[in-house]
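Asks: A predicted structure for the sequence below; I have some questions about it.
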Amino acid sequence: MPDRVCSSSWFVAPALAFSLVGGASLGCAVDSDGGTPAVDPARDPDAEGTPLAELAPYWSGLTARADSPLAVRWSAHGTPMSVFGTLSGTRTSGAIGDAWSFLSDHRKVLQLTGDLDELAGGARVDSPLGSHVTFTQRFQGIPVAGAEVKLHFNRDGQLVAMNNTTIPRLAVDPRPRITAQDALATALAKLPAASTGEDAPAAPELMITMAAGAPALAYRVVVPTQRETLELFVDAHTGAVLGDPRDTNRYVNGTGQVFKDNAVVATQNNNLVDSSDAASAVPSSAYSTVTLQGLTGNNRLDGTFASGSASRSRATGSSNSFVFQRNTVAFSETMAYFHIDFAQRYIQSLGFTNINNRQQVFSVDRLTDDNSFYTPSTKQITYGTGGVDDAEDAEVIVHEYGHSVQDNQVPGWGSTEEGGAMGEGFGDYLAATVNANLIGNEFQIVCIAEWDATSYASGVPHCLRRLDSTKHYPGSKDGEVHDDGEMWSASLYQIRTALGAAKADKLILQAHFLLSSSANFSDGSNALVTAAKNLGYTTAEVDSVRTILKNRGFTVTA
């Protein structure tokens, strides 16, 4: 399969051929016969689009002002979806006004209206690389699901990346013909009566969506069930459900005084077994006494960055001391509190004070399955109790927290299969690198969740997944996000080996700021290279990152 993005200076579309300046191609996705691929966003949201013919002069104007070649990915709408490179060498303050000025100058590239009245907000977030400004799309005051423009400025005020998921030239009747309650009733009728959970559905939200492959006015309905949190779109004109319900939870299969990392790592003994949560199954040497930072002082595990308040049976401390053994639910809650809090403090130690800087609510006893998940609609994490209790293994705890981190940096992260795979791969990587930092060694670092996995994985050590996969893109891609995520986590681990833990971790977190919720492997790769350049990494380090990603088969043009 050819690369999805190339760097040729010529693009040939039907009845169109023109040359470009600035070193960027106006679309280079080709099929095996050299032709233009058909794009069906309803079937393949990761597919590469081709540019609108009328964009040629406007794109040429943008590239003429660029200070470097641009790596571009085209949307199914024919507009640039992600662009990496120095789009503007002009030094600015990276403020919202600077972003607005750029969009005003180049609105025709994005096919936005003349006065940009479709864009709302203008939220700025700062990071070690610089500043990131986001505008959301609205149509006659109605939000457009997942549609936004994000502009990324480095510390010198140069614009170095852009994401665009707006829908150009919208034409939708904005008047609903059914009520929000009608939409909720339709959504609930779509689900088995016994499946709904204890949490009430959120109030339906009216928006424009591409859920069925074309723009439609619809109500977004989020329904918590006993196992999943389902998102459904109900057409506000016809009352039909658009597309299939989508589970928005972020899962890991399997299953956390505390274990530093987990019982297997703490004892370096791969022969431990769960024995139905028996305290005697794990020796006392596995436990460590740790400081629980940031507690509110109410003898509950509620603090600055974590809270077990969603658990049914809360741990109760004595003088804010929480010393339990693994045969109690209180031990799992203590594990989750400590490791979530540690992960957030580690992220802040890398220079990021605004990534998920909030109280992460979790539960450790509301799900009896051997599974765990993060729910974007409630921002909560649920850890299951099947097999080894998930919250007994810090690698499971931090993996799920990784989903929360990404959702905070890029709301709606993982709307495509490749984005979901990057999310799973990042969660595994974060779990490994955070816990290696905690324990001060890298015992079995490439084996993820070896304590939890004793309940279901054969071989020694027992591994949920690994960071040393030899999977190669695109041949190894099978469409399952956990499987495909091993390609991404293995690449991140190779970058860690090449740059060192702290540099790699900072780079990987920084790159998320440069992505949209529709990112694919190519976007993720270009974001890593762009972030490395603009964090001031050496040429050799940037080349190393690029080579690792290319050797894995990912398209890298930044």
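Replies: Great, that's in hand. Numbering: from 1, shown residues only.
Asks: Could I get the full set of helices for the chain?
Replies: For the chain, applying DSSP state H gives helices covering 56-64, 96-105, 107-110, 180-189, 263-267, 329-349, 394-409, 417-439, 481-499, 501-512, 521-534, 539-551.
Asks: Looking at those helices, which is nearest to residue 290?
Replies: helix 329-349 (5.7 Å; CB to CB). In short, each C-beta sits where N, CA and C put it, glycine included.
Asks: And the closest one, what does it pack against?
Replies: Counting contacts by 3 or more CB pairs under 8 Å, 6 or more residues apart in numbering; DSSP states H and E, helix 329-349 packs against strand 258-259, strand 306-307, strand 360-367, strand 380-384, helix 394-409, helix 417-439.
Asks: how about JSON lines for the helices of the chain, with distance to residue 355 added?
Replies: Shown next, in JSON lines, are those (distance: least, CB to CB, whole Å):
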{"stretch": "helix 56-64", "distance to residue 355": "30"}
{"stretch": "helix 96-105", "distance to residue 355": "20"}
{"stretch": "helix 107-110", "distance to residue 355": "28"}
{"stretch": "helix 180-189", "distance to residue 355": "33"}
{"stretch": "helix 263-267", "distance to residue 355": "26"}
{"stretch": "helix 329-349", "distance to residue 355": "5"}
{"stretch": "helix 394-409", "distance to residue 355": "6"}
{"stretch": "helix 417-439", "distance to residue 355": "11"}
{"stretch": "helix 481-499", "distance to residue 355": "16"}
{"stretch": "helix 501-512", "distance to residue 355": "6"}
{"stretch": "helix 521-534", "distance to residue 355": "14"}
{"stretch": "helix 539-551", "distance to residue 355": "20"}
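Asks: Grab the longest strand from the protein for me.
Replies: Secondary structure of the chain per DSSP state E: the longest strand is strand 142-154.
Asks: now the angle between helix 96-105 and that strand, please.
Replies: 110 degrees (axes from the mean of the first three to the mean of the last three CA atoms, to 10 degrees).
Asks: pLDDT on strand 142-154, on average?
Replies: Average pLDDT, strand 142-154: 95.
Asks: Same question for stretch 340-357.
Replies: The predicted model assigns stretch 340-357 a mean pLDDT of 96.
Asks: Could you check the angle the longest strand of the chain makes with helix 521-534?
Replies: Counting by the same axes, to 10 degrees, strand 142-154 lies at 40 degrees to helix 521-534.
Asks: Which elements pack onto strand 142-154?
Replies: Where contact means 3+ CB pairs under 8 Å, 6+ apart, strand 142-154 is packed against helix 96-105, strand 130-139, strand 159-164, strand 205-209.
Asks: Dump those into JSON lines; add mean neighbour count and mean pLDDT as well.
Replies: Shown next, in JSON lines, are those (neighbours: other CB atoms under 10 Å; pLDDT from 0 to 100):
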{"stretch": "helix 96-105", "mean neighbour count": "17", "mean pLDDT": "92"}
{"stretch": "strand 130-139", "mean neighbour count": "21", "mean pLDDT": "96"}
{"stretch": "strand 159-164", "mean neighbour count": "27", "mean pLDDT": "96"}
{"stretch": "strand 205-209", "mean neighbour count": "20", "mean pLDDT": "96"}
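Asks: For residue 467, which of those is the nearest?
Replies: strand 159-164 (27.0 Å).
Asks: still on that earlier bit, identify whichever of the helices and strands packed on helix 329-349 lies nearest to residue 281.
Replies: Comparing those by CB to CB, strand 258-259 comes nearest, at 12.3 Å.
Asks: Which strands or helices does that closest one pack on?
Replies: strand 287-288, helix 329-349.
Asks: Check which strands are paired with the first one and give the direction for each one.
Replies: Going back to what we said before, that points to strand 287-288. Using DSSP bridges, strand 287-288 pairs in its sheet with strand 258-259 (antiparallel).
Asks: The residue nearest to residue 325 when sequence neighbours are not counted and residue 222, how far apart?
Replies: Using CB to CB, 6 or more residues apart in numbering and skipping residues adjacent in sequence, the residue nearest residue 325 is residue 279, 4.4 Å away. Distance, residue 279 to residue 222, by CB to CB, to the nearest Å: 39 Å.
Asks: These two: which is more packed in?
Replies: residue 222 (20 against 13; other CB atoms under 10 Å).
Asks: My understanding was that that one contacts residue 233; is that so?
Replies: No. Using CB atoms under 8 Å, residue 222 makes no contact with residue 233, being 10.5 Å away.
Asks: For residue 451, which residues are in contact?
Replies: Residues in contact with residue 451 (CB atoms under 8 Å, 6 or more residues apart in numbering) are 259, 262-265, 272, 388, 392-393, 395.
Asks: Of the residues you listed, just say which sits nearest to residue 61.
Replies: With CB to CB as the yardstick, the closest approach to residue 61 among the contacts of residue 451 comes from residue 395, at 49.4 Å.
Asks: what about the residue lying closest to that closest one once chain neighbours are set aside, distance to residue 217?
Replies: Nearest non-adjacent residue to residue 395, counting by CB to CB, 6+ apart: residue 431, 4.1 Å away. With distances taken as CB to CB, residue 431 is found 41 Å from residue 217.
Asks: cool, and residue 206?
Replies: Distance of residue 206 to residue 217, computed by CB to CB: 7 Å.
Asks: what do those two both touch?
Replies: By CB under 8 Å, 6+ apart, the residues touching both residue 206 and residue 217 are 142, 176, 236.
Asks: right, and the last one touches residue 220 too?
Replies: No. The criterion here is CB under 8 Å, and residue 236 misses it with residue 220 at 10.3 Å.
Asks: which intervals of this protein have sub-threshold pLDDT?
Replies: 1-47, 193-198, 251-256 (pLDDT under 70).
Asks: Domain ranges for it, per the record?
Replies: With domains defined by automatic domain parsing, the chain comprises 10-164, 180-247, 269-276+341-551.
Asks: which residue packs closest to residue 275, ignoring adjacent ones?
Replies: Nearest non-adjacent residue to residue 275 (CB to CB, 6+ apart): residue 281, at 3.8 Å.
Asks: same check, this time on residue 151
Replies: Excluding the flanking residues, the one nearest residue 151 by CB to CB, 6+ apart is residue 99, at 4.4 Å.
Asks: OK, contacts around that neighbour?
Replies: Contacts of residue 99 (CB under 8 Å, 6+ apart): 122, 133, 135, 151, 153.
Asks: Look up how far residue 269 lies from it.
Replies: 54 Å.
Asks: Next: residue 53.
Replies: According to CB to CB, residue 53 and residue 269 sit 65 Å apart.
Asks: Next: residue 344.
Replies: 30 Å.
Asks: between the two, who's got more neighbours?
Replies: Neighbour totals were compared for residue 344 and residue 269, and residue 344 leads with 26 against 13 (other CB under 10 Å).
Asks: could you measure the closest residue to residue 126 other than its chain neighbours against residue 157, distance?
Replies: Nearest residue to residue 126, sequence neighbours excluded (CB to CB, 6+ apart): residue 354, at 7.0 Å. Using CB to CB, residue 354 is found at 19 Å from residue 157.
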